[in-house]
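Asks: Sequence first, predicted coordinates after that:
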Amino acid sequence: MKTKLKKPLSPAAKNSAICYGLVIVFYLVMQVLVYTDHISSSLNGQLIPICVYIVMAVSLNLTVGILGELSLGHAGFMSVGAFSGAVAAYCLQDVIAFSPLRLFLAMIVGGIFAAVAGVIVGVPVLRLKGDYLAIVTLAFGEIIRNLVTIMYLGKDENGLHFSMLEQNFELAEGGKMIINGPMGLSGNSRISTFTMGFILILITLFVVLNLINSRAGRAIMAVRDNRIAAESVGISTTGYKLMAFVISAALAGMAGTLYSMNSSTLVAAKFDFNTSILVLVFVVLGGLGNIWGSIIAAALLTVLPEMLRAVDDYRMLLYAILLIAMMLFNNSKFKQRLIEKRGLRQQAKLEKAQEGGR
Amino acid sequence: MANMLEVTSLGISFGGLRAVDELNLSIPKGALVGLIGPNGAGKTTVFNMLTGVYRPTDGGIRLDGENIIGKTPHEISKMGIARTFQNIRLFPGMTVLDNVKVGLHNQMPYTLAESVFHLGSYRKKERGMDARALEILSVFGLEEAAAYRASNLPYGRQRKLEIARALATNPKLLLLDEPAAGMNPQETGELMETIQLVRQRFGVTILLIEHDMKLVSGICEYLYVLNFGRLLAEGTPGEVLHNPDVVVAYLGE
Amino acid sequence: MNFLFNLINGISLGSVYAIIALGYTMVYGIAKMLNFAHGDVIMVGAYVSFCATSYLGVSPFLSVGMAIVICAVLGVAIERLAYKPLRSASSLAVLITAIGVSYFLQNAALLIWGSNPKNFSSIVGNASIKLFGGQLSIPVITIVTVVTCIVVMAALTIFTSKSKLGTAMRAVSEDKGAAQLMGINVNTTISLTFAIGSGLAAVAGVLLCSAYPVMTPTLGAMPGIKAFTAAVFGGIGSIPGAMIGGILLGIIENFSKAYIDTQLSDAIVFLVLIVVLLIKPDGLMGKKQSEKV
């Protein structure tokens, strides 16, 4: 029995093309603007944060949109990646002079540490459901922030020193403090570049989009759509949940490194609940499960406050209203009717095709 | 003759409630057997025990000679039991084709690295999966709908898609939970033909729960009747449906 | 003596958590939603009371009454506008909306009252009672807080078990459809629950700010999350559970501040939440829930 494939894969392929296309065009346009000196200094300063938040949004979309579990602690993984990556970059300073390579290795270290945190958080958390899962990810995010706040880490001729208690911490003469408790990172060498940010976005898209269009991705979406049915066709739900969660954490960790290496100082308080929510807003406004939507939302909403200096006071209020309106619209009768209509059209087409076939 | 499914003294309690008690079933290879009984008799609970959703309090279940008690639902699926659900459980956000491809999950596996990097046999395996999924869909006349969202299918076709997805796991034993629920007589007639066809084409043993007596007596070779969690009667449809105990259970004194 | 002092302070903080948790638990029980904005209603309550006393010159007790009324109205309005249209939506959608409402309240407060911290003056002044020949000094607000918590909890228990409206509330939380068929007005009942929960939040806000007088627009966020932790700890949906959970949490938090590390106290509280959810997902006094296949 041979049946010709009627391009059932085309929507997925189209989505991927839109994602890559958007990012590449964005990069080229910005590069042209930068080289022709047509870019405002404030926008220029936003280029790397835009890349960071695009990666954050796409990776969170993997957890919230594709896996269907609400995570309110995504900034926690960003934090782990930011600090571990910065330490790695500092340690590699004398070994690797070529800074893009040093940054890349630091990002990998950041990603690995965040992935480990993802496993530690994910194993207990993913056994929970719905609201409970959300609140526990929030709790973990806050715990990570608290722990980083009391961390002291420095380097001297005897190597790395680490302590959770300030009074126990001592460095030899000439040693350097890397993470200084509540004061956080200081004296970072700023090696993040827009091009490295662009490369990180491409890596993220490659991983996430390929995953979605694969056996593992289908399994993850099956778990989202109906856990019991997924189990009944032989999918280990806990395994695939953890897989998606850890990949998402690792990518957030890499974004964290890119973020921390873009400034000379950084405190753990930056990666609090509000940052997690901010990224969640990008994902929700871009559309759950819609990767290119996340890209656009993250880029626009990162730049928007700079452009709307005049209404800066109202910015967060607008965000809040937008978020509520979006959720109400998505679940409104109006939208329901639109979807139903499309469904009916598809059904009608199907009936017609079947009659023609007979 | 070897039995595909052997259930011995199966029982389960929820708190103080004995939902199923002392149940014995033996289903020969290739048979088409019905499990009937009034509402609340414990039929779906039996399915849930057979598929590992519930763990029985006592008794044994052997599939093709292998014990399955204590295994998780996905392990039992790999061992060869597939099922459909009384209230349809598709993956509504995915396409019809992808629903079946999820069913093929363990039939044509490739690794996570191949998933992420689209390396090696990724393309070959994906193409193989597409072809196999379309082949299964065509048995149910669903191949034209392959690219549609599963939630956009009409009710009757959703039921068929659920059977197609179950068959994609290449089961030895297929459990159908009220496949004709909500269908009109004409659709039920079509369904009976489809079930017969499935049995021939896929060579599966089938156990089905059904209330529609026309369907049950039309296609099942053997029936088990459950009442209050216990086996009330068993035999060929002719014997069982004329059994006075069964008539009382269904219609009352 | 130090231990006793920390214990009493813990119970007092825990009593505030318990009052907030009662609101959480009632709303969760009836609407099956995590009202993330509940913490911010506390903040509104505190600010209303503050404005009433400082700008309008009303007496502290009247200002509490005003806070309760305004918060109750606010709670009902939030439910009607933001949550009611989402009754049949996924819990993810409702939770995100609730986060949106929380953000809205915080930022509206920021615009109205500014980001500069304001100093709340305690509704009962700064008097304290000295015991053991002055070795132990307990602020009056601590005692007021604990007493209020006990009164509120007793009143709510009697209300839900004895009154007609309370019975309707329990019926709606068991089964909305069936309650409707029994002639209960589900919408009114849900509104009533939000009104009571939000009114309690106003009380909690005033008590909280009387003990910790620095007011900012985000003051409710952390206590809100911790009170939810308390509600889960005690078993969500259970009134005595919320009380016990709240008080235990307050004690744990105060002891970790006193004996471990101030900066780690939040982490320890959250760790407790995680451990409780993993070991006993239904909380200390919660009902067991199972999924039907």
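Replies: Sure, I can see it. Numbers count the residues shown, from 1 in each chain, chains lettered A, B, ... in the order given.
Asks: pLDDT of the helix or strand hosting residue A:342, averaged?
Replies: Using DSSP states H and E, residue A:342 sits in helix A:333-357. Mean per-residue pLDDT for helix A:333-357: 70.
Asks: list the buried ones in the helix or strand where residue C:29 lies?
Replies: Per DSSP H and E, residue C:29 falls inside helix C:2-31. For helix C:2-31, the neighbour count (16 or more other C-beta atoms under 10 Å in any protein chain shown) marks C:6, C:8-31 as buried. The C-beta positions use only the backbone N, C-alpha and C, and glycine is treated the same way.
Asks: Mind telling me which residue is nearest the centre of chain B?
Replies: Centrality entry for chain B: nearest residue to the mean C-alpha point is residue B:175, 2.0 Å, by C-alpha atoms, centre = their mean.
Asks: secondary structure element for it?
Replies: Here residue B:175 is assigned to strand B:173-177, by DSSP H and E.
Asks: ok, is whatever helix or strand comes next after that strand in contact with chain A or not?
Replies: Downstream of strand B:173-177, the first helix or strand assigned by DSSP H and E is helix B:185-202. No - residues of helix B:185-202 contacting chain A under C-beta under 8 Å from any C-beta of the partner chain: none, with a closest distance of 10.3 Å.
Asks: sorry, back to before: for the strand holding residue B:175, name the packing helices and strands.
Replies: helix B:43-50, strand B:81-83, helix B:155-168, helix B:185-202, strand B:205-209 (3 or more C-beta pairs under 8 Å, 6 or more residues apart in numbering or on different chains; DSSP states H and E).
Asks: In contact with residue A:107: list those residues for me.
Replies: A:81, A:85, A:200, A:254, A:257-258 (C-beta atoms under 8 Å, 6 or more residues apart in numbering or on different chains).
Asks: Quick check: phi and psi at it.
Replies: phi -60, psi -40 (degrees, to the nearest 10).
Asks: what's the distance between it and residue B:247?
Replies: 73 Å (C-beta to C-beta, to the nearest Å).
Asks: now swap in residue A:209 and tell me
Replies: Relative to residue B:247, and taking C-beta to C-beta, residue A:209 is found at 60 Å.
Asks: check contacts around residue A:218.
Replies: So residue A:218 contacts B:94, B:98, B:101-102, B:105 (C-beta under 8 Å, 6+ apart).
Asks: Can you tell me the element it falls in?
Replies: Per DSSP H and E: helix A:215-225 holds residue A:218.
Asks: hang on, residue A:221 packs against residue B:94?
Replies: Yes - the criterion here is C-beta atoms under 8 Å, and residue A:221 meets it with residue B:94 at 5.8 Å.
Asks: More neighbours: which of those two?
Replies: When residue A:221 and residue B:94 are compared for neighbours, residue A:221 comes out ahead with 23 against 20, by other C-beta atoms under 10 Å in any protein chain shown.
Asks: give me every residue that touches the more buried one.
Replies: Here residue A:221 is in contact with A:66, A:212, B:91, B:93-94, B:98 (criterion: C-beta under 8 Å, 6+ apart).
Asks: How about stretch A:131-138 and chain C, any contact?
Replies: Yes - using C-beta under 8 Å from any C-beta, stretch A:131-138 reaches chain C at A:131-132, A:134-136, A:138.
Asks: what is the rounded mean pLDDT of that stretch?
Replies: So the average pLDDT for stretch A:131-138 ends up being 85.
Asks: For chain C, just list every one of the strands.
Replies: Ranges of strands within chain C are C:118-119, C:128-131, C:136-139, C:214-215, based on DSSP state E.
Asks: Let me have those strands in CSV, extended by mean neighbour count, distance to chain A and mean pLDDT.
Replies: Shown next, in CSV, are the strands of chain C (neighbours: other C-beta atoms under 10 Å in any protein chain shown; distance: least, C-beta to the nearest C-beta, whole Å; pLDDT from 0 to 100):
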stretch, mean neighbour count, distance to chain A, mean pLDDT
strand C:118-119, 14, 18, 85
strand C:128-131, 12, 31, 75
strand C:136-139, 16, 28, 79
strand C:214-215, 16, 17, 88
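Asks: Quick one, which of these gets closest to residue C:281.
Replies: strand C:214-215 (35.6 Å; C-beta to C-beta).
Asks: how near is residue A:323 to residue A:301?
Replies: 11 Å.
Asks: swap in residue A:119?
Replies: The separation that residue A:119 has from residue A:301, given C-beta to C-beta, amounts to 30 Å.
Asks: Look at the two and report which has more neighbours.
Replies: Using other C-beta under 10 Å, the more surrounded residue of residue A:119 and residue A:301 is residue A:301, with 21 against 13.
Asks: Doesn't that one belong to a strand?
Replies: No - counting by DSSP: H, G, I helix; E, B strand; the rest coil, residue A:301 is not found in a strand; it is helix.
Asks: coming back round to it: output the helices and strands packed on strand B:173-177 in JSON lines, with mean pLDDT appended to each entry.
Replies: Converted to JSON lines, the helices and strands packed on strand B:173-177 look like this (pLDDT from 0 to 100):
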{"stretch": "helix B:43-50", "mean pLDDT": "94"}
{"stretch": "strand B:81-83", "mean pLDDT": "95"}
{"stretch": "helix B:155-168", "mean pLDDT": "92"}
{"stretch": "helix B:185-202", "mean pLDDT": "90"}
{"stretch": "strand B:205-209", "mean pLDDT": "94"}
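Asks: pLDDT weak spots in chain B?
Replies: Along chain B, the parts satisfying pLDDT under 70 run over B:1, B:252-253.
Asks: And chain C, by the same measure?
Replies: C:1, C:286-293.
Asks: which ones are touching residue B:199?
Replies: Taking C-beta under 8 Å, 6+ apart, we find residue B:199 in contact with B:30, B:32, B:206.
Asks: neighbour-wise, which of these leads?
Replies: That'd be residue B:206 among those, by other C-beta under 10 Å, with 24 neighbours.
Asks: For that one, give its distance to residue A:178.
Replies: Distance from residue B:206 to residue A:178, by C-beta to C-beta: 66 Å.
Asks: Just the element for residue 75, please.
Replies: Unless you meant another one, I'm taking chain A. Short version, using DSSP H and E: residue A:75 is in helix A:74-92.
Asks: wrong one, I was asking about chain B
Replies: helix B:73-79.
Asks: So which bits of chain B are right by chain C?
Replies: So far as C-beta under 8 Å from any C-beta goes, chain B lies against chain C at B:44, B:48, B:53, B:85.
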